[in-house]
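Undergrad: sequence first, predicted coordinates after that:
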Amino acid sequence: MVRTPCCEKMGLKKGPWTPEEDQILISHIQRYGHANWRALPKQAGLLRCGKSCRLRWINYLRPDIKRGKFSKEEEETILKLHGILGNRWSTIAARLPGRTDNEIKNFWHTHLKKRPERSQVQRMMNNNFFSANPLQESQAEAGSSSGTSINMRRVTVDASATSSVPGKVLVANDESLPSKKNPAIAGLGFYGPVSSDISGVTFGNNSHSDIGEEREFWYNMFMTSQRRGMEM
DNA sequence: AAGAGTACCAACCGCCACTTC
DNA sequence: GGAAGTGGCGGTTGGTACTCT
């Protein structure tokens, strides 16, 4: 299929948003919502492409955005979830109310990526919790920025350097390959219902979620271990 | 004080999956 | 069933602020 450009290049503004543009976008969305991002800038009178508007709204203008420093708990949550999910920032963001995937991604690259605890977390995840084999651990150790490789019985988070798509979640046998909208472990969209926080009760009580039971099982195992105060 | 190096983060780009016709 | 349109995701970049020498 021939891809159409996300927006006409001509005459559309790029770069940092001005307070005026922000205000226009906010008031337009408050009044009319954002059913169609592509049409929105035209309707609102903004010289931006729809993608840019969407990004600006989701990452900075939404009323429920939590700004400021990440708490210790949030850091730990990111580390642990990244150990399971790899670079699935939107899924991780879904577990951190008020935080966006972009923010978490930036935070990871600037703070957590180089932290020594990170590799410790991954080692724990690989060896003690999910019983990964030594090869996978060495892949993770050797690895890339997203060097995580966790084997669960049928669900593999493969973020090794050898993976064609680092961080992609692969499913081993009879299940269909997960899609972005149905990731192998946690698939709630940013606006989707988040059933619990990291210390919460159960993952996956979203009736609209089609996350597989087994995936849910492994995720709940992880959450349960956290609630028990398992050292990771 | 000034230049160089580094850290941080907002925004863009390209791709993929889903939906609609 | 396939093309076209759209939304969303993750990787990357570029500008700015900060720190060091």
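TA: Yep, it's here.

Undergrad: which residues of chain A score low on pLDDT?
TA: Where chain A drops to pLDDT under 70, the residues are A:1-10, A:114-232.

Undergrad: please redo it, this time with the cut-off set to 50
TA: A:1-5, A:8, A:128-217, A:230-232 (pLDDT under 50).

Undergrad: tell me the domain ranges of it?
TA: Per automatic domain parsing, the structural domains of chain A span A:19-61, A:72-201+A:210-226.

Undergrad: the helix or strand in which residue A:106 is found packs against which elements?
TA: In the assignment (DSSP states H and E), residue A:106 maps to helix A:101-107. Counting contacts by 3 or more C-beta pairs under 8 Å, 6 or more residues apart in numbering; DSSP states H and E, helix A:101-107 is packed against helix A:89-94. Just so you know, the C-beta spots here come from the backbone N, C-alpha and C atoms, and that holds for glycine as well.

Undergrad: residue A:31 and DNA strand C, how far apart?
TA: Residue A:31 is 17 Å from DNA strand C, where distance means C-beta to the nearest atom of the strand, to the nearest Å.

Undergrad: for stretch A:35-42, measure first residue to last.
TA: 13 Å (C-alpha to C-alpha, to the nearest Å).

Undergrad: mind listing what's buried in that stretch?
TA: Residues of stretch A:35-42 classed as buried by neighbour count (16 or more other C-beta atoms under 10 Å): A:37, A:40, A:41.

Undergrad: same deal with stretch A:17-35?
TA: A:17, A:21, A:24, A:25, A:26, A:28, A:29, A:34.

Undergrad: quick check: residue A:30 vs residue A:62, distance?
TA: 11 Å (C-beta to C-beta, to the nearest Å).

Undergrad: residue A:58 and residue A:95, how far apart?
TA: Applying C-beta to C-beta to residue A:58 and residue A:95 gives a distance of 16 Å.

Undergrad: ditto for residue A:86
TA: Distance, residue A:86 to residue A:95, by C-beta to C-beta: 14 Å.

Undergrad: ok, residue A:58 and residue A:95, which is more surrounded?
TA: Each of residue A:58 and residue A:95 has its neighbours counted (other C-beta atoms under 10 Å); residue A:95 has more, 24 against 18.

Undergrad: next one: phi and psi at that one?
TA: The phi/psi pair for residue A:95 (degrees, to the nearest 10) reads phi -90, psi 0.

Undergrad: contacting residues for residue A:55?
TA: Going by C-beta atoms under 8 Å, 6 or more residues apart in numbering, residue A:55 touches residue A:102.

Undergrad: element containing it, please.
TA: helix A:50-56.

Undergrad: pull out the buried positions in that helix.
TA: A:50, A:52, A:53, A:54, A:55, A:56.

Undergrad: hang on, isn't the fourth one packed against residue A:38?
TA: No. With contact defined as C-beta atoms under 8 Å, residue A:54 does not reach residue A:38; the gap is 9.2 Å.

Undergrad: in contact with residue A:29, which residues?
TA: Residues A:40, A:57, A:61 are the ones in contact with residue A:29 under the rule C-beta under 8 Å, 6+ apart.

Undergrad: those into a markdown table, with extra columns for distance to residue A:79?
TA: Converted to a markdown table, these look like this (distance: C-beta to C-beta, whole Å):
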| residue | distance to residue A:79 |
| --- | --- |
| A:40 | 36 |
| A:57 | 28 |
| A:61 | 28 |
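
Undergrad: with respect to DNA strand B, which of those residues is nearest?
TA: Each of those was checked against DNA strand B using C-beta to the nearest atom of the strand; the closest is residue A:61, at 8.7 Å.

Undergrad: in contact with that closest one, which residues?
TA: Residue A:61 neighbours (C-beta under 8 Å, 6+ apart): A:22, A:25, A:26, A:29.
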